[in-house]
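K.L.:
below are the sequence and a predicted model; questions follow.
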Amino acid sequence: MRMSSLFAPTLREDPAEAETISHKLMIRAGMIRKVAAGIYNFLPLGYRVIRKIEQIIREEMDAKGGQELFMPALQPAELWKQSGRWDVYGPELMRLIDRNGRPFCLGPTHEEVVTTLVKENVRSYRELPLLLYQIQTKFRDEIRPRFGVMRAREFLMKDLYSFDKDEEGMNKSYEAMYDAYCRVFKRCGLAFKVVEADPGAIGGTGSQEFMVLAKTGEEEIVYCDDCNYAANTNQASSIVPDMDFSMGEEERELKKVYTPGAKTIEEVANFLGVEKKRTVKTLFYEAIYSQDSWEIVAALVRGDYDINETKLKNYLGCLYLNLAKEEEIAKVSGGKVGFVGPIGLKGVRVIIDPTVQRLKNAVVGAGEEDYHFINANPGRDFELKEIVDIRLVRAGDRCVRCGSELKTTRGIEVGHIFKLGLKYSKAMDAKFVDRDGKEKYYYMGCYGIGVGRTMAAAIEQNHDEDGIIWPMSIAPYHVVVIPVEYSNGEHMRVATQIYESLRERGVEVVIDDRDESPGVKFKDADLIGFPLRITVGDALKEGKVELRWRKTKEVRFYPLGEVVEAVIKEIEEELKALSS
Ligand code: ATP
Ligand code: MG
């Protein structure tokens, strides 16, 4: 490719709207352009990266027996009503009406379509397992589209669905995908962790997320260095190291004390001169089960912890969980936000974390402005009925598997694998005939990779102050050849010759044949992130050209006759290292 004709509008300045490195660099390197919030054009360089990632994914899916197909983005509402997700999916589902008034949606995922396809076309256990996948556009009306293609509203996903005859088969398919995913992300040059995840709206019995570690990641992960435990914080369990610090105490008499203006845990603890862990945090939620079924729930956790709303929501089994409004809180507690507590609550379900159950002589809100109780004792002063782990883990908690200290880090979720079990096959009534002649439901799994998000995550992990540093496997081109002086016929001639030789050998190469200063060409080359750069300049007098590694900035000079071989060897070695 000749740079003079390449459509790659690079920018010197950071675009104002971009918050993350990858978003900035993808725009500056001329790889993407925004059309609307969360909707992007991929320009030629960006699209080459996408196609490379897709190709790696294809190879690894195929290696596990996956078969590629292509399903429509546009899906009839009936399918979604059958699975029950038309109501559950909420405003993220892009809904539309056709000219005959029939409701449709733009698929955010394809369980309904693929399950129907298999149900109508597969009959016997002999045809199983079946692993079907596609790389296709998904639509999700994200509440906060951001970070460029990382959280988009229209994006490319690889989604694979496995159909097995029993649970054992499903587990095997899941293991195969786990393996394939590790290979995909390794080949893309990414450092990642696999974590236990919350199955969320898709539902099911087991799921793991592939997290690329990055400071800008939206997800928080807890992990243990001693065993392999790692989990999304919204899903993780832990052991609280000082759970029983007050258990030995004698129960003292409940007393109401004046705490003017002290609303937060911090303020109350400071005012009373007690540790935060002696206080109780009481939050009220509105749990919505369906259009006409909801309740107010109080959730209690020790003051030095926070409530994990995902755990609470999963425990309650509600569709939505929102913080309750002040009027609603007043109705059940008589108190004002900041001073409410568990004592004297009326007509409200109370969910209590074990950290609160094991507190003695605690500080709780008194349900009255500017007052708290001290020496509140669970069981004595308020009822203990529903004791459930609803707390958010913290760094410093202990690992549930091995007891070591947990640490936290941030990550970008690039892939997600789920065991679905019978959830969709039952909902869609999808059955096959087993060896024993009986009709049975499929055991299913689903497995997604965000292609654009993987590209962005690769940049988050591979860049410097000058631009992107592509891993060889997903670089838009392997090499750029730069003739230093446009007006120097010799520079141009030799550069073109090297460019042609590399092309003949199948190397993906760009020649920067623009009438630009060397500075501009070098800057663009670094920004776009070609892993290798050949510079044809002064050294030509000694019959040599310069080869430079983008990542290490290392420079070596090669005689004209050797540089092509050196480049080919380098590319092969790097690709081999990534796929081994
Ligand atoms: P998230 O928690 O980030 O919203 P999710 O759990 O909704 O992700 P899945 O439904 O598991 O995502 O989708 C599979 C993969 O698709 C994700 O691992 C991610 O790589 C990608 N993905 C999901 N949502 C988006 C999005 N809005 N933009 C780009 N990629 C996405
Ligand atoms: Mg999502």
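P.N.:
Noted; the coordinates are in hand. Ligands and ions are numbered 1, 2, ... in the order given.
K.L.:
spell out which parts of the stretch 401-550 of the chain neighbour ligand 1.
P.N.:
413, 414, 415, 416, 448, 449, 450, 452, 453 (Cβ under 6 Å from any ligand atom). C-beta coordinates here come from the backbone N, C-alpha and C atoms, glycine included.
K.L.:
tell me the secondary structure of residue 33, please.
P.N.:
Three-state call for residue 33 (DSSP: H, G, I helix; E, B strand; the rest coil): strand.
K.L.:
correction: the previous question concerned residue 178.
P.N.:
helix.
K.L.:
now for the lengthiest strand in the chain, which elements pack on it?
P.N.:
Longest strand of the chain, by residue count under DSSP state E: strand 407-421. Judged by 3 or more Cβ pairs under 8 Å, 6 or more residues apart in numbering; DSSP states H and E, the packing partners of strand 407-421 are helix 167-187, strand 192-196, strand 206-213, strand 219-223, strand 443-450, helix 451-461.
K.L.:
list the buried residues of the first one.
P.N.:
Along helix 167-187, these residues count as buried under the neighbour rule (16 or more other Cβ atoms under 10 Å): 169-170, 173-174, 176-178, 180-181, 183-187.
K.L.:
this protein - how does it break down into domains?
P.N.:
21-217+410-460, 255-387, 477-579 (automatic domain parsing).
K.L.:
indicate which one of those is closest to residue 235.
P.N.:
Nearest of the domains of the chain to residue 235, taken as Cβ to Cβ: domain 21-217+410-460 at 4.5 Å.
K.L.:
show the model's pLDDT score for whichever residue of the stretch 351-500 of the chain sits closest to ligand 1.
P.N.:
In the stretch 351-500 of the chain, the residue that lies nearest ligand 1 is residue 450 (2.4 Å; Cβ to the nearest ligand atom). Turning to residue 450, the model gives it a pLDDT of 98.
K.L.:
I'd guessed it sits against residue 458; true?
P.N.:
No. Contact between residue 450 and residue 458 fails when scored by Cβ atoms under 8 Å: they sit 11.8 Å apart.
K.L.:
who has more neighbours, the two?
P.N.:
Ranked by neighbour count (other Cβ atoms under 10 Å), residue 450 and residue 458 place residue 458 first, with 28 against 24.
K.L.:
if we can go back for a sec, most surrounded residue in the residues of the stretch 401-550 of the chain next to ligand 1?
P.N.:
Counting by other Cβ under 10 Å, top hit in these: residue 449 with 29 neighbours.
K.L.:
alongside ligand 1, which residues does the protein contribute?
P.N.:
So far as Cβ under 6 Å from any ligand atom goes, the chain lies against ligand 1 at 109, 140, 142, 151-152, 155, 157, 200, 413-416, 448-450, 452-453.
K.L.:
hmm, try it at 5 Å
P.N.:
142, 151, 152, 155, 157, 413, 414, 416, 448, 450, 453 (Cβ under 5 Å from any ligand atom).
K.L.:
with distance to residue 346 added, can I get these in JSON lines?
P.N.:
Below are these laid out as JSON lines (distance: Cβ to Cβ, whole Å):
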{"residue": "142", "distance to residue 346": "39"}
{"residue": "151", "distance to residue 346": "42"}
{"residue": "152", "distance to residue 346": "46"}
{"residue": "155", "distance to residue 346": "48"}
{"residue": "157", "distance to residue 346": "48"}
{"residue": "413", "distance to residue 346": "42"}
{"residue": "414", "distance to residue 346": "48"}
{"residue": "416", "distance to residue 346": "42"}
{"residue": "448", "distance to residue 346": "45"}
{"residue": "450", "distance to residue 346": "47"}
{"residue": "453", "distance to residue 346": "47"}
